[in-house]
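Novice: no letters, just coordinates:
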Ligand code: GLU
C-alpha cells in the first residue's frame, strides 16, 4: 500500500472476532469521513493475529457491512499476512534493549495484581523478570517466556485532535506484552508496525485506546519512526448513559440492515451524535464528509438511542429523491412522492403499493355516501386536482363535510384509517379500482 508523503491516510482496524456493531462502525465512519474530506486514503486492516478468535465468516461480514454503509476502502490487508514485518520490528526493539522476557504465569500475575489492589496501588507490573536471580531461576524451571516492551517510565504527551493536550506518565502503566508464550503477537506492536509501514498519518479511534497510545508512541519512537497524529473520540453509550457493550448483539449492522434501517440514516446518525451538529437526514455520505470536523466532536460520550435512529430513518426516506430509490420503486415518481411522507422503513413500500394496485378490502362506513361518491367520479384522465373537485361534488350532493366526508372515503378507498394524501393517491388508484372499492368490492 504505497502512500505519498503528507497525504492523509487513515485506517480502520477491526478484529474479525464478532460482527461490526454501531460502536466500531462509527470508528470506521469517522475515519472515512475525515479521509474523504481531505482527499485522503482510507485503508481497511483486518487485525486477525488472534488466530483462536478470528474467523473468516466475521471477516467477510466486515466487508459486507462496510460495503452496505458505503464505506469504500482504498486498500486492505490482513495482519496474518504481515507477520514477518512484526518480527523485524520486534528484533529492532530487542536490539535497542527495549524488549525483555517475562516468566510469570497468568496466576502469578493475577496474585500480584490483587496484592496491589489490596494496598490501593495501580496494577503496574513489577518487572520481577528483569531481576537476574528470578530470570535464572525461572529459566532453570524450563518456563517459556512472554515478551514485554520496556516503557521509559516518563511523561508522554501529544496534541489530540479531539481531546487537546494529553499527557500520560508511562510509569503508571505495565510494560505491555508484545508476544505471548506461544509466539503470537498481541495487538500493540503489529498495529504500530503497520501504521508505520502503511504511512498512516492519523490514528482515529475510541478513547478506550488513549493509554495504548502512550505505549505505542514510545514504540514508534523506539523504532525511529515519525509519529502519526492521534484523535480519540468518546465512546457510545445508551440513552441513560449505560455502556453499550451489554446490548451490542442487538446493535450490529447486520441487525439494523435486517430491521430495514437505511445505511444513510445509520451513517448520518453515527456521524452527528456526540457532535455540535444537529442530527438531521443527509442525502449522501459526501455531505457528511464535507461537514466533518474533529473540533465538532464533544468530550462527553455520544448517546446512541435506537428510537432516535428510527426517527432519522423515517426523515431520511422522506427526503429521498426518486432517483435514489428508482431501482426498488418501479411504480414511478408520482407513487414515490405520494407515499414517502408516510414511510417509516423501506419495507413499508410494499404495503403502500397494495393501496394503489390492490387488493384492498374496503371498509364501508357510510354506504349512501360511498354509493353517491362512486357515481360522481369523473371520467379519466385524473390528476391531483381530481380529488378536490370530486369531494366538492360529493359534499354538495350528500351534505357531508369535514371528517364526515373524508373519513368514509379514505376507509372505502384504502381500507385504512390513515395513509398517504388522497389527492396524490387517487389518480394512482384509478377509476376502475376506485369505483369497485366504493361499492365495497375488494379490488
Ligand atoms: N483491532 C483494534 C481494535 O479493534 C484496533 C485499534 C486501533 O484502531 O488501533 O480495538
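Specialist: Noted; the coordinates are in hand. Quick caveat, the model's predicted, so the values are computed rather than measured.
Novice: all contacts plus neighbour counts: C-alpha atoms, from now on.
Specialist: Will do.
Novice: which parts of the stretch 251-400 of the chain are helices?
Specialist: Secondary structure of the stretch 251-400 of the chain (DSSP state H, counting those that start in this stretch): helices located at 253-258, 263-272, 285-291, 306-318, 322-325, 333-339, 348-357, 367-376, 386-398.
Novice: so which of these gets nearest the ligand?
Specialist: Closest approach to the ligand among those (Cα to the nearest ligand atom): helix 253-258, 15.8 Å.
Novice: tell me how far that closest one lies from the chain's centre.
Specialist: Per Cα atoms, centre = their mean, to the nearest Å, the displacement of helix 253-258 from the mean C-alpha position of its chain is 10 Å.
Novice: pLDDT on that helix, on average?
Specialist: The average pLDDT within helix 253-258 is 94.
Novice: ok, residues contacting it?
Specialist: Residues from elsewhere that reach helix 253-258, judged by Cα atoms under 8 Å, 6 or more residues apart in numbering: 19-22, 25, 65, 263.
Novice: do the same with stretch 48-62
Specialist: 15-20, 46, 78-80, 184-187.
Novice: contact partners of the top helix by length along the chain?
Specialist: What stands out as the longest helix in the chain, according to DSSP state H, is helix 22-37. The contact list for helix 22-37, computed with Cα under 8 Å, 6+ apart, reads 8-12, 14, 40-42, 66, 71, 204-206, 235-236, 248, 251-253, 267, 270-271, 285-286, 288-290, 292-293.
Novice: tell me what angle the next helix or strand after it forms with helix 22-37.
Specialist: Under the assignment DSSP states H and E, the closest C-terminal helix or strand after helix 22-37 is strand 41-46. Going by axes from the mean of the first three to the mean of the last three Cα atoms, to 10 degrees, strand 41-46 is angled at 150 degrees with respect to helix 22-37.
Novice: can you say which of the helices of the stretch 251-400 of the chain is packed in most?
Specialist: Each of those was scored by mean neighbour count; the highest is helix 263-272, a mean of 23, by mean count of other Cα atoms under 10 Å.
Novice: orientation of that helix relative to helix 22-37 in degrees?
Specialist: Using the same axes, to 10 degrees: helix 263-272 against helix 22-37 is 90 degrees.
Novice: for helix 263-272, the averaged confidence score.
Specialist: So the average pLDDT for helix 263-272 ends up being 98.
Novice: okay, and residue 19 sits in which element?
Specialist: Using DSSP H and E, residue 19 falls within no helix or strand.
Novice: quick one, domains of this structure?
Specialist: Domain ranges of the chain: 1-103+144-319, 334-438, per automatic domain parsing.
Novice: can I get those in CSV including distance to residue 132?
Specialist: Putting those into CSV (distance: least, Cα to Cα, whole Å) gives the following:
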stretch, distance to residue 132
domain 1-103+144-319, 11
domain 334-438, 67
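Novice: among the helices of the stretch 251-400 of the chain, which is nearest residue 240?
Specialist: helix 306-318 (12.1 Å; Cα to Cα).
Novice: so which elements touch the closest one?
Specialist: When contacts are defined as 3 or more Cα pairs under 8 Å, 6 or more residues apart in numbering; DSSP states H and E, helix 306-318 packs onto helix 263-272.
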